[in-house]
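I'd like to go over a predicted model; first the sequence, then the structure.
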Amino acid sequence: MRTAIITISDGGRHVADIVSQETQGQALDRADVAARWHDFDALVFIGAMGICVRTIAPCLEDKHTDPAVVCIDSTGRHVVAVVSGHVGGANALATRLAAALGVEPVVTTQSDNQQLWALDTLAQRFGWAVATDVAMNKVIFDFVNRRPTALLIDAHDAGTDYLRQTMPDHVRLIHDVSEAADCRLLIIVSPYVHAIPGHLTTIQFIPRVLTAGFGLAHRPDDYRDIVSQMHDELRRHGILPAAIREWCTIDVKADEPFIGELHEPVRFFTADELAGVDVPTPSASVERHVGTPSVSEAAAILGSNGGRLVLNKMKGRNWTLAVAEEAAGGPFIDIVGAGPGDPDLISVRGRRLLEQADLILYAGSLVPRELTDCHKPGATVRSSAAMALEEQCQLMKTFYDQGKRIVRLHTGDPCIFGAIQEQMAFFDREGMRYRITPGISSFLAAAAELRSQFTIPERTQTIILTRGEGRTPMPEREKLHLLARSRSTMCIFLSAAIVDDVQRELLEEYPESTPVAACYHLTWPDQRIYRGQLKDLSRIVRDNHLTLTTMLVVGDAIDNRQGLSELYNRHFTHLFRKGDDTL
């Protein structure tokens, strides 16, 4: 936010300094506030509330255009959101500045104090459009006064997830407008037209979850009118044009003048890409002309990540149009990184996905079962430890075909020495939708548990993640003794069983006194860490009966504290002298 700081008296200078550090705001003289009212997103007054109010009163116009105004007393004990609380962001700014000062914010907005949805900011927050025939203040009045409220959702995105997870007790989720007969307020989140009973105060949010695919005649003479024609066709079929997130078509149309008439992004696909999509209304004529049996329907499906068509191909004078809904709901596979073992070290998204899953298939030999204890009632939780790959894939496909949501829970980060490539090949082959949620890798847990910075200026600036050569051969260029030439910090996975070979190769390049650590079950309740020198690494592993779940760390970065302040001072002094502006 572009922030102005107005300090009324010298007594508030220390508060102004903290606000300036937090906001990168600029000082503004009180006398200049009126002239520069619209030059800033926020104004922070430091001084008496009365002076603040008298200064801004002549400038106030509308909460949708006025900047946020916050007032802080000169001692920094009270941080008050004055105007433009929700829409302008004064409430959020007051909360942020209060945290910087170590005090409580003063926010008088009823919805915030009752922890209710800020209906006037949902559209901006989630990129939705808004449709309502009544004043927003009327909608908010009914909502914050807890009038019986119905919530109709027939789309899926981050915003609808938020509404479902934070629904107040006076809100009831419905599936059809007719179920709202006994309510006072109806909140709809939908890309579609709904018939609304006259007695209901209604607000509709329009999520941008639809993709329009279109075909176009060559250089149509009415190209300036085509967008309005398409919008009319969408409304006739109950689809709100504001829900279109993206337009898609074949790449040979990239230079058509019509493209410039579209306000949303346009994505282009090749004929080969389009030809690979099954569509309900293919055309032999289209295939003869552009090399694919479908443009509009295939483009809509591809652009929506394999979503379902909600409007099959419609024909206009010089155009065709189809619409698909973003593939966000329905069956899905989430490959989730569990982290190194401690249930508290899984990501917030990973925990949420576990809570929502119908099937959790976890790597039981590497992931503690406690990580799955957050599953919802009725969910299936299975360990894959004794299952062949084919059995794992078939189990996930069974749930997928039933329209269920699946979490495949892997240790650490699934993309680092994971076993997901074969699974992804299966998902791709079967047309199953999936995504990857990263996790904290054990090499990061090793750095934390060793209390060591693995990159030290002028000592080592590289971390090598690798493993020793066991039954699975290593590429010739990645042999341990070749990687060891840099003497970087090296984190060696899956190699405790071949520690003799690992030590022998490392000693070809590292001094035998190089610090090492053998880290067993990092962050698990039975975690054990053994430090020593490289010459003793194999003995440390054997004497302590360490197994495959052991991370071997090698390098001078382990426990290194010597000369760090001097190195940092020299490093940053050098950068400042160069005038480096990237810090």
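Arrived safely, thanks for sending. Numbering: from 1, shown residues only.

What distance do you get for the residue lying closest to Leu444 once chain neighbours are set aside to His263?
Of all residues not flanking Leu444 in the chain, Pro340 sits nearest, at 7.7 Å (CB to CB, 6 or more residues apart in numbering). For every residue, glycine as well, the C-beta is placed using N, CA and C. The gap separating Pro340 from His263 is 47 Å, by CB to CB, to the nearest Å.

So the residue nearest to Leu444 is in contact with Ser441, correct?
Yes. Here Pro340 reaches Ser441: they are 7.3 Å apart, a contact under CB atoms under 8 Å.

Find residues that contact each of the two.
Gly412 (CB atoms under 8 Å, 6 or more residues apart in numbering).

Those two: which is more packed in?
In this view Pro340 and Ser441 are compared by other CB atoms under 10 Å, and Pro340 has more residues nearby, 30 against 25.

What separation do you get for that one and Asp232?
Applying CB to CB to Pro340 and Asp232 gives a distance of 57 Å.

And for Pro331?
In terms of CB to CB, Pro331 sits 35 Å off from Asp232.

of these two, who's got more company?
Ranked by neighbour count (other CB under 10 Å), Pro331 and Asp232 place Pro331 first, with 19 against 12.

Let's check: the centremost residue of this protein is which one?
Arg349 (8.3 Å; CA atoms, centre = their mean).

doesn't Thr249 make contact with Ala271?
No. If you go by CB under 8 Å, Ala271 and Thr249 don't touch, sitting 11.3 Å apart.

quick one, which of the two is more surrounded?
Thr249 (29 against 18).

Okay, and the beta partners of Val407?
Asp334, Ile360 (DSSP bridges).

Any figure for the gap between it and Asp342?
18 Å.

Mind checking which of the two has more residues around it?
Ranked by neighbour count (other CB under 10 Å), Val407 and Asp342 place Val407 first, with 28 against 18.

Val83 reaches Asp66, doesn't it?
Yes. Using CB under 8 Å, Val83 makes contact with Asp66 at a distance of 6.1 Å.

between those two, what contacts are shared?
Leu60.

list the contacts for His231?
Pro241.

and it, how far is that from Leu240?
Applying CB to CB, the value for His231 to Leu240 is 9 Å.

now Gly364
Counting by CB to CB, the separation of Gly364 from Leu240 is 47 Å.

burial measure for the nearest residue to Arg308 once chain neighbours are set aside, as a count.
In space, and not counting its chain neighbours, Arg308 is closest to Glu325: 5.7 Å by CB to CB, 6+ apart. Neighbourhood size, Glu325 [other CB under 10 Å]: 24.

Does the spatially closest residue to Ile420 that is not a sequence neighbour belong to a helix, a strand or coil?
The shortest distance from Ile420 to any non-neighbouring residue, by CB to CB, 6+ apart, is to Pro414 (5.1 Å). Of the three states, Pro414 takes coil under DSSP: H, G, I helix; E, B strand; the rest coil.

next one: Leu353
The three-state label given to Leu353 by three-state DSSP is helix.

For it, give me its contacts.
Here Leu353 is in contact with 334, 336, 407, 437 (CB under 8 Å, 6+ apart).

again, only using 10 Å
332, 334-336, 346-347, 360, 405-407, 409, 435, 437 (CB atoms under 10 Å, 6 or more residues apart in numbering).

again, but for Trp37
Applying CB under 10 Å, 6+ apart, the residues contacting Trp37 are 4, 43, 56, 58-61, 65-67.

rewinding a little: now do the shared contacts for Ala271 and Thr249.
295, 298.

List the buried residues for stretch 431-438?
Buried residues in stretch 431-438, defined by neighbour count with 16 or more other CB atoms under 10 Å: 432-434, 436-438.

scratch that, stretch 341-355 is what I was asking about
341-343, 345-347, 350, 352-354.

can you check stretch 232-244 too?
Neighbour counts over stretch 232-244 (16+ other CB under 10 Å) mark 233-234, 239-244 as buried.

Check stretch 437-452 too.
Result for stretch 437-452 [16+ other CB under 10 Å]: buried residues 437-447, 449-450, 452.

next one: stretch 198-206
Here stretch 198-206 shows 200-206 as buried, counting by 16+ other CB under 10 Å.

again, but for stretch 509-524
Using 16+ other CB under 10 Å as the test for burial, stretch 509-524 gives 510, 514-523.

Make a markdown table from the buried residues of stretch 232-244 and add pLDDT to it.
A markdown table is the format used below for these (pLDDT from 0 to 100):
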| residue | pLDDT |
| --- | --- |
| Glu233 | 94 |
| Leu234 | 96 |
| Ile239 | 96 |
| Leu240 | 96 |
| Pro241 | 95 |
| Ala242 | 95 |
| Ala243 | 95 |
| Ile244 | 95 |
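
tell me the two of those that are most distant?
Greatest spatial distance among the buried residues of stretch 232-244 (CB to CB): Glu233 and Ala242, at 14.9 Å.

dump the residue contacts of Glu261.
So Glu261 contacts 223-228 (CB under 10 Å, 6+ apart).

Just the closest of the residues you listed to Ile72, please.
Val227 (48.8 Å).

And the residue lying closest to that closest one once chain neighbours are set aside, its phi and psi?
Nearest residue to Val227, sequence neighbours excluded (CB to CB, 6+ apart): Glu261, at 5.1 Å. Backbone torsions of Glu261, given as degrees, to the nearest 10, read phi -80, psi -10.

what's the weakest-modelled helix or strand in the protein?
Least confident helix or strand, the chain: helix 564-578 with a mean of 53, by mean pLDDT, DSSP states H and E.

Which parts of the stretch 1-150 of the chain are helices?
13-23, 49-56, 90-101, 110-113, 122-126, 136-144 (DSSP state H, counting those that start in this stretch).

Val541 is nearest to which of those?
For the helices of the stretch 1-150 of the chain, proximity to Val541 was assessed by CB to CB; helix 90-101 is nearest, at 46.6 Å.

now this structure, which segments are flagged as low pLDDT?
110-113, 327-330, 563-583 (pLDDT under 70).

Closest to Arg317 out of the buried residues of stretch 232-244?
Looking across the buried residues of stretch 232-244 and measuring by CB to CB, the closest to Arg317 is Glu233, at 11.4 Å.

Distance of that closest one relative to Ala322?
Counting by CB to CB, the separation of Glu233 from Ala322 is 11 Å.

okay, and the common contacts of those two?
311, 314.

Name the nearest of the contacts of Trp37 relative to Lys315.
Of all those, Lys315 sits closest to Thr65, with 43.4 Å by CB to CB.

my read: that closest one touches Asp41, true?
No. Assessed by CB atoms under 10 Å, Thr65 is found out of contact with Asp41, at 11.2 Å.

What residues of stretch 123-141 count as buried?
Buried, per 16+ other CB under 10 Å, within stretch 123-141: 123, 126, 128, 130-132, 139-140.

if we can go back for a sec, pretty sure the residue nearest to Arg308 contacts Gly303?
No. Counting by CB under 10 Å, Glu325 does not reach Gly303; the two are 11.0 Å apart.

List the buried residues for whatever helix or strand Glu390 lives in?
Using DSSP states H and E, Glu390 sits within helix 389-401. Going by neighbour count (16+ other CB under 10 Å), the buried part of helix 389-401 is 392-393, 395-397, 399-400.

got it, and stretch 358-369?
Going by neighbour count (16+ other CB under 10 Å), the buried part of stretch 358-369 is 358-364, 366-368.

hmm, back to that, biggest separation within the buried residues of stretch 341-355, which pair?
Farthest pair in these, by CB to CB: Gly341 and Arg352, 19.5 Å.

and the residue nearest to Gly89 when sequence neighbours are not counted, what are its bridge partners?
Take Gly89 and drop its neighbours on the chain: the residue closest to it by CB to CB, 6+ apart is Ala68, 4.7 Å away. Judged by DSSP bridges, the bridge partners of Ala68 are Ala42.

quick one: contacts for Ala68?
1, 3, 40-44, 81-94.

Please spell out the PyMOL selection for the buried subset of those.
A single PyMOL command selects the buried members of the contacts of Ala68 (16+ other CB under 10 Å):
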select buried, resi 3+40+41+42+43+44+81+82+83+84+85+86+87+88+89+90+91+92+93+94
